[in-house]
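Asker: everything below, folded, please.
(one chain, ligands or ions: 1)
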Amino acid sequence: MDAFEAIKTRKTIRDFDGRKVDDAVRDRIIEAGMAAPSNDHMRKWEFVVVDDRAARLRIIRSIASDITGEAARKRMEESGLTDDDQREMYIDAIPKQRSMLLDAGLLIVPCYYEPGKLLTPSDLSSLNYFASIWCSIENMLIEASSENVYGVTRIPSERDRVAMRSELRIPDEYEIPCVLALGYPEADARRTKQKAFSVADRIHTDRW
Ligand SMILES: Cc1cc2nc3c(=O)[nH]c(=O)nc-3n(C[C@H](O)[C@H](O)[C@H](O)COP(=O)(O)O)c2cc1C
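Answerer: Prediction:
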């Protein structure tokens, strides 16, 4: 699969068939992550693979386990969001926040060295370390899609982020940008429709 095809094939998947992703595939995905550009050239990124179900349960405690599709639909009605595709995405996604992390065939907690204060940046360049790890995460998603492995990034709640730090023994100087759940899609896994766009309409030559 060439790079463009892998990029276009990547779609968020939250319904996994439970199969484990084997170690060789896992290693290629992480190698792709490690090939991303990094602001300071150092790529101080580490990847904690969480296989143990009990450990997974301990780091997702704040995610409610009983949110139904109906409750998600109600939440959307109260949200004020009006775009149908966006609402459908949330209605599908909200009830799956817990199961997608538990059922993932490969659960990765990417960690990156953060010398500053992630949540109180002083200027754009103080976000460079955070920006770089997201380049790495996207590389992993693209490499995964070329291996027929798909998934989703979940931004943990503050409570779960704290739990992850201690459960996974993450050093203080490292931050967690997200949890990356990957795996093989279930036969009828939902792929949310991406918003349609015209490339020509998005390009502004010389001025917007
Ligand atoms: C920074 C970021 C944070 C996201 N956080 C979540 C999340 O917490 N839970 C979730 O289910 N999906 C999350 N997503 C996935 C988006 O919902 C998804 O990428 C979007 O709906 C577009 O769909 P697509 O990836 O299939 O194109 C996140 C994506 C990004 C880039």
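Asker: can you name the residues of the chain sitting close to the ligand?
Answerer: Within the chain, the residues that sit near the ligand (Cβ under 6 Å from any ligand atom) are 11, 12, 14, 89, 93, 97, 152, 153, 154, 155, 192, 194. To be clear about C-beta, it is placed using only N, CA and C from the backbone, and glycine gets the same treatment.
Asker: out of those, who has the most neighbours?
Answerer: Neighbour counts for these peak at residue 14, which has 26 neighbours (criterion: other Cβ atoms under 10 Å).
Asker: what helix or strand is that one located in?
Answerer: Assigned by DSSP states H and E, residue 14 belongs to no helix or strand.
Asker: thinking it is in contact with residue 96, fair?
Answerer: Yes. Residue 14 is within contact range of residue 96, at 4.2 Å (criterion: Cβ atoms under 8 Å).
Asker: take the residues of the chain next to the ligand and write them to JSON lines, including secondary structure.
Answerer: Shown next, in JSON lines, are the residues of the chain next to the ligand (DSSP: H, G, I helix; E, B strand; the rest coil):
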{"residue": "11", "secondary structure": "coil"}
{"residue": "12", "secondary structure": "strand"}
{"residue": "14", "secondary structure": "coil"}
{"residue": "89", "secondary structure": "helix"}
{"residue": "93", "secondary structure": "helix"}
{"residue": "97", "secondary structure": "coil"}
{"residue": "152", "secondary structure": "strand"}
{"residue": "153", "secondary structure": "strand"}
{"residue": "154", "secondary structure": "strand"}
{"residue": "155", "secondary structure": "coil"}
{"residue": "192", "secondary structure": "coil"}
{"residue": "194", "secondary structure": "coil"}
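Asker: so residue 58 touches residue 167, yeah?
Answerer: Yes. Contact criterion Cβ under 8 Å: residue 58 and residue 167 qualify, at 5.2 Å.
Asker: and for residue 107, the neighbour number?
Answerer: Residue 107: 27 neighbours (other Cβ under 10 Å).
Asker: what separation is there between the closest residue to residue 153 other than its chain neighbours and residue 204?
Answerer: Nearest non-adjacent residue to residue 153, counting by Cβ to Cβ, 6 or more residues apart in numbering: residue 178, 4.3 Å away. Counting by Cβ to Cβ, to the nearest Å, the separation of residue 178 from residue 204 is 30 Å.
Asker: return the nearest residue of the protein with respect to the ligand.
Answerer: Of all residues in the chain, residue 12 sits closest to the ligand, at 3.4 Å by Cβ to the nearest ligand atom.
Asker: and that residue, what's its pLDDT?
Answerer: Residue 12 carries a pLDDT value of 98.
Asker: so what's the residue nearest to it when sequence neighbours are not counted up against?
Answerer: Closest residue to residue 12 apart from its sequence neighbours, by Cβ to Cβ, 6+ apart: residue 152 at 4.8 Å. Neighbouring residues of residue 152 by Cβ atoms under 8 Å, 6 or more residues apart in numbering: 12, 13, 14, 100, 180, 181.
Asker: what bridges to the residue of the chain closest to the ligand?
Answerer: Beta-bridge pairing for residue 12 (DSSP bridges): residue 151.
Asker: ok, residue 178 and residue 204, which is more surrounded?
Answerer: residue 178 (17 against 7).
Asker: how about the contacts made by that one?
Answerer: Residue 178 neighbours (Cβ under 8 Å, 6+ apart): 110, 137, 153, 154, 155, 156.
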